[in-house]
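Participant: Here's a sequence, model it:
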Amino acid sequence: MEELDYLKKVRKRTSKKWIAGGIFLLLIFSLLTYFLAIGSLVDEEDLTYTTSIEGGEWRIHLQLTNGKSLLVRTEPIYDTPGANGIRRVIGTRLKPYQLVPSPLLEKGNDSFMFGGTMSSFAQRAYKVELQMADRTIEFTSDQFVE
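Facilitator: Residues are numbered from 1 along each chain as shown. All right, here's what the predicted structure looks like:
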């Protein structure tokens, strides 16, 4: 009987070690995923942006200045639902994220360009929001004179 109790203890210790190892690997994988693939929103002090109008096209150029990689996610901005329940797209939200430079990404991945035609920008009362960690800046056609 004593032999069986000893084997139970060994199995129990081995199971605990496997579980602890699995949790540790999951934690490491989660941290690597966050820093290399998900990132965090950029602070305004780490981002320079310029806007321009060239040939009837409005453009915004984003440049990350802290040495990290830039990943910009875009999402539509919707109006409130009308009488028919349909929500119109009235703009685009740009969300710049900073990532630890990765061998998986190309080198020098620290800038992003976004734009559209001024006519569609003005006709539809379209807006572009630049959402950073500490501030949101809104760009509308009213701000630009061609």
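Participant: where does this protein dip in pLDDT?
Facilitator: Residues of the chain meeting the criterion pLDDT under 70: 1-4, 36, 102-108, 124, 144-146.
Participant: quick one, longest helix in the protein?
Facilitator: helix 2-33 (DSSP state H).
Participant: R59: helix or strand, and which one exactly?
Facilitator: Using DSSP states H and E, the element containing R59 is strand 57-64.
Participant: mind exporting that strand as CSV, just the C-alpha atoms?
Facilitator: Extracted in CSV, the C-alpha atoms of strand 57-64 (Å, rounded to 0.1, in the frame of the first residue of the first chain):
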residue,chain,number,x,y,z
GLU,A,57,-7.1,64.8,-52.4
TRP,A,58,-7.0,65.3,-48.6
ARG,A,59,-4.2,63.3,-46.9
ILE,A,60,-3.0,62.7,-43.4
HIS,A,61,0.4,61.3,-42.8
LEU,A,62,1.2,59.8,-39.4
GLN,A,63,4.8,59.3,-38.2
LEU,A,64,5.7,57.5,-34.9
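Participant: Now do the contacts for the residue most central in space within the chain.
Facilitator: Most central in the chain under Cα atoms, centre = their mean is Y97, positioned 4.1 Å from the mean C-alpha point. Shown in contact with Y97 (Cβ atoms under 8 Å, 6 or more residues apart in numbering): I38, G39, S40, L41, V42, L70, L71, V72, R73. (Glycine included, C-beta is placed from N, CA and C.)
Participant: Just give me the neighbour total for the last one.
Facilitator: Other residues near R73 come to 12 when the count uses other Cβ atoms under 10 Å.
Participant: follow-up on the earlier one: pull up the pairing partners for the helix or strand just after the longest helix of the chain, direction included.
Facilitator: From helix 2-33 onward toward the C-terminus, using DSSP H and E, the following helix or strand is strand 40-41. Next to strand 40-41 in the sheet, as set by DSSP bridges, lie strand 89-99 (antiparallel).
Participant: Tell me the first helix or strand C-terminal of the partner strand.
Facilitator: Downstream of strand 89-99 (by DSSP H and E), the next one is strand 111-117.
Participant: Output the helix or strand following that following strand as PDB, restricted to C-alpha atoms.
Facilitator: As assigned by DSSP H and E, the chain's next helix or strand after strand 111-117 is helix 118-123. Output of helix 118-123 as PDB, limited to C-alpha atoms (Å, rounded to 0.1, in the frame of the first residue of the first chain):
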ATOM      1  CA  MET A 118     -11.900  66.600 -51.100                       C
ATOM      2  CA  SER A 119     -15.200  66.500 -53.000                       C
ATOM      3  CA  SER A 120     -16.500  63.400 -51.200                       C
ATOM      4  CA  PHE A 121     -15.000  64.700 -48.000                       C
ATOM      5  CA  ALA A 122     -17.100  68.000 -48.300                       C
ATOM      6  CA  GLN A 123     -20.200  66.500 -50.000                       C
END
